[in-house]
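Engineer: prediction below, plus the sequence it came from.
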2 protein chains.
Amino acid sequence: MDRLFNPRSIAVVGATPKDGKIGNTLLKNLMHFEGDVYAVNPKYDEVLGFRCYPSIESIPEEVDLAVVAVPYNYVLDVLRGCVKKNVKNVVVISAGFKEAGRFDLENELKYICRKHGINLVGPNCLGIMNAHINLNATFSRIFPSKGDIAFLSQSGAFILAVLEWARETDVGFSKVVSLGNKAVLDESDFICYLAEDDQTEVIMLYVEGIEDGRKFVNTVKSIDKPIVVFKCGRTDAGARAVSGHTGSLAGSYTVYKTVFRQLGIVEANTIEEFFDFSLILRRIRRIDGGIAIITNSGGPGVAAADAVEELEMDLARFDGKTIESLKSILPPIANIYNPVDILGDSDADRFGNVFNVVIDDGNVGAVVAILTPTAQMDFEKAANLITTKKPVVTCFMGGESVKDAVKILREKGIINFLDPYRAVKSLKAVKTYELRKKVEKTFKRFRVDMERLREIIEGIGDKRFIGFEGFRILECYGISVPPYGIARSAEEALKVADEIGYPVAMKVISPDIIHKTDVGCVELNVKREKVIPTFNRLVKIAEDFLNAEVEGILIQKMISRGREVVIGVKKDPQFGHIAMFGFGGIYVEVFRDVSFRLLPLSEEEAFDMIREVKVYRILKGVRGEKPYDIKGVVDLILRVSQMSQDLDLLEVDLNPVFVYERGYYVVDCKIMR
Amino acid sequence: MDRLFNPRSIAVVGATPKDGKIGNTLLKNLMHFEGDVYAVNPKYDEVLGFRCYPSIESIPEEVDLAVVAVPYNYVLDVLRGCVKKNVKNVVVISAGFKEAGRFDLENELKYICRKHGINLVGPNCLGIMNAHINLNATFSRIFPSKGDIAFLSQSGAFILAVLEWARETDVGFSKVVSLGNKAVLDESDFICYLAEDDQTEVIMLYVEGIEDGRKFVNTVKSIDKPIVVFKCGRTDAGARAVSGHTGSLAGSYTVYKTVFRQLGIVEANTIEEFFDFSLILRRIRRIDGGIAIITNSGGPGVAAADAVEELEMDLARFDGKTIESLKSILPPIANIYNPVDILGDSDADRFGNVFNVVIDDGNVGAVVAILTPTAQMDFEKAANLITTKKPVVTCFMGGESVKDAVKILREKGIINFLDPYRAVKSLKAVKTYELRKKVEKTFKRFRVDMERLREIIEGIGDKRFIGFEGFRILECYGISVPPYGIARSAEEALKVADEIGYPVAMKVISPDIIHKTDVGCVELNVKREKVIPTFNRLVKIAEDFLNAEVEGILIQKMISRGREVVIGVKKDPQFGHIAMFGFGGIYVEVFRDVSFRLLPLSEEEAFDMIREVKVYRILKGVRGEKPYDIKGVVDLILRVSQMSQDLDLLEVDLNPVFVYERGYYVVDCKIMR
């Protein structure tokens, strides 16, 4: 793919002398390109001083890259020409494909590219840029300065806006790619390329949807460079709008959020954050220790401390030596604890002395230096006194009076933020990126009773809903369920219940009933004399009133009520299996106290899932209760995860699971495949 | 107080020719002031061309305002001089008072001002400004341009930073006040003044703490102008830092948040929001209808739709006429539903046509217009086509290419935002301000059995913890509790239980035991034969094991378990009584599914408290359950509120309250006064 970004020769197909046309702008934008540029258009011999050929095949020299801006109905012909000419890299600017309902054209395009190994960008895109070789193969009037940030965007217009701002704030780029319809090359392909690109330090990614989620996950897992993502269509309203305006399937934002977090991809919610996070990750990739705040103004220092706590990071606790040093440097009324208030009358020297003491404290992982424009403060001097032994961000709060100081800081690789909150939030982005390190590559596998499993699966046949067999499958995976049996007649019910022992619970098994308890299809604490009437009643309710197909009645041993949790797995069409854990019982949907993870899971990740939800506090034992069997729940999550992947299940819903001080029971299960 | 901001003559006490000194800067800053300025310093006859007097009393003319910048130990003498000279307005710049531990000096200062009716700003402050008369009675080097925003700040350094940014972004101010220690005049006094000030449209308030919360609440309730607040010390870490660096008590952020919201005070979390919200509220105070989004680029339009949903506002649903018109204006592949995508090839005219259709839709309350810098878009033309029949914000995304258009927009009073999220969040600020309208002035009062109440209160004497009498007080307020009695001996217990009927619940009443259930001090479902042994056991556990003082054993009728909620009231030292409602039971602290309101409460507010928490979904009846008695809960909240205020209680904790389909029972109560 290197020739795509570093072509020696480019053909612009659809080149035209008509001002304002894309084929004209493209050619103008390529005037500064140092390689060879050919125009292609049967109507002309020459366009804007470039030799013009009637077709791409008629160009006598080798062509590394073709940029196509012809009406959509000519694109396939051009592409066939590229095949003949052996052009391996093609950018299709033209629209009129999937996004306009022409899936047929887009599929043909894909087919040709796959068959002949063509790297195709687009269609329906702005083009690509490589700022390091002055390659502007887009119709954008703006071209970025050289830098080490790569920018991939599903929206061409968004690129235009971003490049304008970038110019104002002096942010440079390496490569810029307008992804368009992603017919052939998608974000994962470019991420894979950019991971090896020496000119790229950070990847900015704007996406509305990621179609091949598993490819994306595997790609990101295999690289180290930071990725900052701006995902559009997060809410229902947004998702509706996305599917309204492109052919892309937005997918559930919960899934995206889960995937991004788990892979250490930093998510930006505003354009400002998109820049802030990308800039900070160019230089800072790790923070070992707490955040220290130094300020000459109490208020903004407090605002920063608020931000540290709200964003769930830690303020550094200074060690005794630091405190002693600060005492000797600062006036007695100064706050020497973190945030350190060097007071409004501080000059740059006092700031510098405090800075040096604080950054050397072993508990400090990063410093936030906040200075307001007092008469005493010499910002340039202060900027010069700052060292970057450890990550530092500044918040020199002012306009004109801090401009020169900000330049000095920038030369040191330090970013100055307008606002303490933004400064701290950027450090949080680094903490999120650090999660990347936690990505596991190997996973534990449990032994499974394969023989029995195969038998059960065969017995199920092609049913999508797995009823009572669900419990059998769980057992094969070593998952603990209460003693149970299935009855298809009243007499069988009595026999099964006699074997289990009284009292028993009786539940209707039916693919048509989702919330059994709500519709009277569960009876608890059934004594021997009630088994037969209960059987008959349950079947009657289900069949006559609910018009449901009844597979049988599940008879379970009544067990003592434990703490209720829920464990579920869903197969997402883009990303594959996603596990859920949380507060269980019938109110799970009210409290939504749940956590998610993409499978496969490591033991630590399963434990993290539990730690993330509020119900964890209960499981740990609150207010005098003994702790519940959290290890048992971790084991259960891992076994359910393995089961879901082994059998490629569409949905598993274990709710409730009763957890005890020792052990747990899966009381109810619903499995779909 | 008008002479404070519009003085005819000013004396600078501590004036000095020494460069860099505050007394020098002050005088320089007053050079452009059009009234009379006198220097005061016994060492000089003239300073910087101003006549200098040895003391304030020796000035022959009348002095409207004294600005004091002498060492702290001379301030009281100067103040006494002001009394003699009959100077009614004093700004004390000098530090060295409460914030330095000198509460004695500050109290003396307060005493003198109160006695002689002096309006004192500070001490320990930057001073005050009135941009409309060129009055810069501060030592700030920066002076704002004229505008209609007033800015009150507890941090002087923060003022410096804000004024610098304001200059860069062309934001003007009316008055600027550095509040300092607020010894005499506090934020409420200035808000009260600014409410009547014709030059002020919006009040920006930066505070670390509000000492006189009730004064603040009453002041804000009595005015209409929007207030945007930046509150520092929101988190524990922040609050610790605040109390570290000033003498101010931060108070609980939950309380502040409750008060701000309830009064329609808009809270900013970043400095950017502080400006954004203040600017938008200058012009927009009301949005009647949903938000409409118009964009020439899908992505940012989707981002805006995401923001609308995330911030819990509504996207407008267009009526049929609008849809028809849009169909006729836009190409067939455009999204004509909200967000309207006018497509990347749109020119300003197409945008203008769509804008006119959308803004006329009866369901549209505000328009967000998002344009990216495409080749086709003429931003200036687009800006000229925008009308302001209804609230409009824009997001012309770009740098250089949108500058002129932004100027046109500003002349129309329209704010352009860098980011769709920021644009939408600003509209949310307007929605928050609208809550101001909900502020009630009259409240319902329930009839109370005053005679019985007086008797009970007398019986309690001076105990702070109100044990079983709590139930009696609840009864006086018409609150429903299960039948109960108190027993101080085993025999009495049996007698009481016999009267109530079996089974009963038995609970230890003790000021020393907070979570009775956790420590075995509650026994449920007690039958007749178990009453005496249970009584003895409970007393033994409480007295011998827990070493608690036992007031007696509460014996309650066993009632059926309802949905558990909690209702509490706390008296905040700054703001007074705050009510809490939420998910009850022993896990209330785990889920923190609670809402808060400052008392007194209207019926609507009490209902809002319920609607705000997740447990509301349960109370409405989920998954086939019948709804619970929400009206009964509203009634209960109002009665408890009245009780707390009538009796000036410190804390009321009703947990659990069982709610049924009809009615409720307060099962346990703890009252402190």
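Structural biologist: That came through, no problem. Residues are numbered from 1 along each chain as shown, chains lettered A, B, ... in the order given.

Engineer: switch to C-alpha atoms for all contacts and neighbour counts from now on
Structural biologist: OK.

Engineer: all the strands of the stretch 51-200 of chain A, residue numbers only.
Structural biologist: Taking DSSP state E, counting those that start in this stretch as the test, the strands found in the stretch 51-200 of chain A are A:65-68, A:89-92, A:119-121, A:127-130, A:135-138, A:146-153, A:173-178.

Engineer: would you map out the domains in chain A?
Structural biologist: Residue ranges for the domains of chain A, per automatic domain parsing: A:2-281, A:285-438, A:450-557, A:563-672.

Engineer: show me where the stretch 251-400 of chain A has its helices.
Structural biologist: Listed from the start of the chain, the stretch 251-400 of chain A has helices (DSSP state H, counting those that start in this stretch) covering A:253-262, A:271-283, A:298-310, A:320-329, A:348-359, A:379-385.

Engineer: so which of the domains of chain A is nearest B:Leu315?
Structural biologist: Go through the domains of chain A one by one with C-alpha to C-alpha and the one that ends up closest to B:Leu315 is domain A:2-281, at 8.0 Å.

Engineer: for the closest one, the averaged confidence score.
Structural biologist: What domain A:2-281 shows for mean pLDDT is 91.

Engineer: how far off centre is it?
Structural biologist: Taking C-alpha atoms, centre = their mean, to the nearest Å, one finds the center of domain A:2-281 at 21 Å from the center of the full chain.

Engineer: what parts of the stretch 301-450 of chain A come near chain B?
Structural biologist: Where the stretch 301-450 of chain A comes near chain B, counting by C-alpha under 8 Å from any C-alpha of the partner chain, the residues are A:301-306, A:309-310, A:315, A:333-335, A:338-339, A:341, A:344, A:372-375, A:397-400, A:418-422.

Engineer: and the residues you listed, which of them are buried?
Structural biologist: In terms of neighbour count (16 or more other C-alpha atoms under 10 Å in any protein chain shown), the buried residues within these are A:301-306, A:309-310, A:315, A:333-335, A:338-339, A:341, A:344, A:372-375, A:397-399, A:418-422.

Engineer: out of the domains of chain A, nearest to B:Cys113?
Structural biologist: Taking C-alpha to C-alpha as the criterion, B:Cys113 comes closest to domain A:285-438 out of the domains of chain A, the separation being 26.6 Å.

Engineer: who touches the residue nearest to A:His32 when sequence neighbours are not counted in this structure?
Structural biologist: Closest residue to A:His32 in three dimensions, ignoring its sequence neighbours and counting by C-alpha to C-alpha, 6 or more residues apart in numbering or on different chains: A:Asn134, at 6.3 Å. By C-alpha atoms under 8 Å, 6 or more residues apart in numbering or on different chains, A:Asn134 lies in contact with A:32-34.

Engineer: quick one: distance of the longest helix anywhere in chain A to the chain centre.
Structural biologist: Ranked by residue count, the top helix of chain A under DSSP state H comes out as helix A:630-646. Distance of helix A:630-646 from its chain centroid, counting by C-alpha atoms, centre = their mean, is 23 Å.

Engineer: list the buried ones in it?
Structural biologist: Along helix A:630-646, the positions that meet the burial threshold by neighbour count (16+ other C-alpha under 10 Å) are A:630, A:632-645.

Engineer: quick one: mean pLDDT over that helix.
Structural biologist: Here the average pLDDT along helix A:630-646 is 96.

Engineer: and for stretch A:536-548?
Structural biologist: 87.

Engineer: that one vs chain B: in contact?
Structural biologist: No. For stretch A:536-548, no contact with chain B is found by C-alpha under 8 Å from any C-alpha; the gap never falls below 13.8 Å.

Engineer: distance-wise, check the residue lying farthest from the centre of chain A relative to chain B.
Structural biologist: Within chain A, A:Glu529 marks the point farthest from the mean C-alpha position, 55.8 Å out by C-alpha atoms, centre = their mean. Distance, A:Glu529 to chain B, by C-alpha to the nearest C-alpha, to the nearest Å: 27 Å.

Engineer: got any ranges where the stretch 451-600 of chain A has weak pLDDT?
Structural biologist: Filtered on pLDDT under 70, the stretch 451-600 of chain A yields the residue ranges A:586-587.
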